[in-house]
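Undergrad: One predicted model, sequence on top.
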Amino acid sequence: MDQKENLPQFSVLPRHVGIIMDGNGRWAQKRGLPRYKGHIEGARTFRKIGEFAGNLGIECLTFYAFSTENWKRPPEEVAAIMDLFREYLRELDDRKAENEEKGIKVNFIGDRTGIPKDILRMMGYSERITRKKDHVILNIAINYGGRQEILHSVQTLAKQVEKGKLKAKDITEDMISENLYTGGLPDPDLIIRPSGEYRLSNFLLWQSAYSEFWYSDILWPDFTEADFVEALRDFERRNRRFGGV
Ligand code: IPE
Ligand code: IPE
Ligand code: MG
């Protein structure tokens, strides 16, 4: 039987969902395990929820995997997270055909400087081979910071001003949006943050102006499809006014 037949139906689905994958470390600590074990488990949850969300018909997903601030962590932990990226990128290559059939476009958002060269190469490769797809846009935020992203966009526009191609007074909000790493994508309708923290931690600052937020105490490795459905059910009931009546 087609697994899609049993999927829940929604009266309204967010076009773009952002997920702050938080709580891996605490998940491991609670079990007396080293923190990296939590990241391994969190990476499994990422695969599971990514696949489920794609099957539900969500067009665009952005997973926050590593922030510009996460370099402050102990080097062993950073190295373990980088190894998990490597593993995932190899898997993307192995599953090329399957992902192509599903129409998945992979996009990495964030500052590329500082990311190990071999990872950068694999990131570029995955983006190239999936660039023509558009059924599900899978953004993975690595070395991502909302402020850094806005700065990058503004610097891009400032270069055009320097060259005389643009006047400062002609810069529009749309131009700033277009020059973010998410340029061309809809703003996130829903942002999910598990782990009991009530903050954005520098995630999609510009794009989240009118996002709906869904928080939960569940630690990311424990997050299930049912939790995702609960967030979507909650979203269905939200009354979005965008400043109107
Ligand atoms: C999220 O889990 C993963 C990354 C930030 C890379 P954490 O590692 O932040 O988990 P906690 O918040 O310490 O539990
Ligand atoms: C946010 O989690 C970053 C990612 C999930 C990648 P953090 O654990 O880094 O956020 P803070 O430090 O609790 O704000
Ligand atoms: Mg955390």
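TA: Received it, and whenever you're ready, just let me know what you need. Ligands and ions are numbered 1, 2, ... in the order given.

Undergrad: in the chain, which spans are strands?
TA: 16-20, 60-67, 104-109, 136-144, 190-193, 212-215 (DSSP state E).

Undergrad: and these as JSON lines, adding mean neighbour count, distance to ligand 2 and mean pLDDT?
TA: The C-beta positions use only the backbone N, C-alpha and C, and glycine is treated the same way. As requested, the strands of the chain are exported to JSON lines (neighbours: other Cβ atoms under 10 Å; distance: least, Cβ to the nearest ligand atom, whole Å; pLDDT from 0 to 100):
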{"stretch": "strand 16-20", "mean neighbour count": "26", "distance to ligand 2": "5", "mean pLDDT": "99"}
{"stretch": "strand 60-67", "mean neighbour count": "23", "distance to ligand 2": "4", "mean pLDDT": "98"}
{"stretch": "strand 104-109", "mean neighbour count": "21", "distance to ligand 2": "12", "mean pLDDT": "98"}
{"stretch": "strand 136-144", "mean neighbour count": "24", "distance to ligand 2": "7", "mean pLDDT": "98"}
{"stretch": "strand 190-193", "mean neighbour count": "24", "distance to ligand 2": "8", "mean pLDDT": "99"}
{"stretch": "strand 212-215", "mean neighbour count": "18", "distance to ligand 2": "13", "mean pLDDT": "98"}
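
Undergrad: Would you format those strands as TSV with distance to Ile171 included?
TA: What follows is those, written out as TSV (distance: least, Cβ to Cβ, whole Å):
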stretch	distance to Ile171
strand 16-20	24
strand 60-67	25
strand 104-109	22
strand 136-144	23
strand 190-193	26
strand 212-215	28
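
Undergrad: closest one to Glu98 among the ones you listed?
TA: strand 104-109 (8.8 Å; Cβ to Cβ).

Undergrad: Tell me the strands beside the closest one, with direction?
TA: strand 136-144 (parallel) (DSSP bridges).

Undergrad: residues in the chain within reach of ligand 1, list them.
TA: 21-26, 66, 70, 81, 195 (Cβ under 6 Å from any ligand atom).
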